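Q: pasting the structure only:
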DNA sequence: GCCAACGTTGGC
DNA sequence: GCCAACGTTGGC
């Protein structure tokens, strides 16, 4: 099983929104990603992989954990390219649980063990990888 | 609101 | 295929 981190601006779609959807038995299609590196990460995801839900711009913190419930499939909001091919894909997710104590970007940057985290090194990448060691540490920092 | 990082576009 | 110009993301 692999670990990931996915960003969303909470005024557009927050972790609480994902929790509400999950409680209704719905899944969230992680649509709208238009970056090849981020898309490739989603294509590498497997059902059951877990991902941190990061609030960008507002909050700048990891709010909770979600699970990949469907592997990459065509993004329903994406247009086809000139050849009529699907270029953009995305996974579906559901909420697992919030972090009792959200982990802020400032805390992450102040933690030497997290200096290699892709969130820090590739700050514009909206879907990034998290190593198992980083995942465990971030969960601990979040009060789990 | 500014700016750094970086991806994309288009001229050559 | 290179590179300058431009657009977007996201932290500050």
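A: Cool, got the structure. Please read all numbers here as calculations on a predicted model, not as lab measurements. Residues are numbered from 1 along each chain as shown, chains lettered A, B, ... in the order given.

Q: ranges for the helices of chain A?
A: With helices called from DSSP state H, chain A shows them at A:15-23, A:36-43, A:105-109, A:118-121, A:132-141.

Q: adding distance to residue A:2, write those helices out as TSV.
A: C-betas here are computed from N, CA, C, even on glycine. Converted to TSV, the helices of chain A look like this (distance: least, CB to CB, whole Å):
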stretch	distance to residue A:2
helix A:15-23	19
helix A:36-43	9
helix A:105-109	19
helix A:118-121	13
helix A:132-141	9
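
Q: distance check, the closest residue to residue A:109 other than its chain neighbours against residue A:5.
A: Spatial nearest neighbour of residue A:109, excluding adjacent residues (CB to CB, 6 or more residues apart in numbering): residue A:120 at 6.2 Å. Taken as CB to CB, to the nearest Å, the spacing of residue A:120 relative to residue A:5 amounts to 11 Å.

Q: these two: which has the busier surroundings?
A: Neighbours of residue A:120 and residue A:5, each counted by other CB atoms under 10 Å, are more numerous for residue A:5; the result is 22 against 14.
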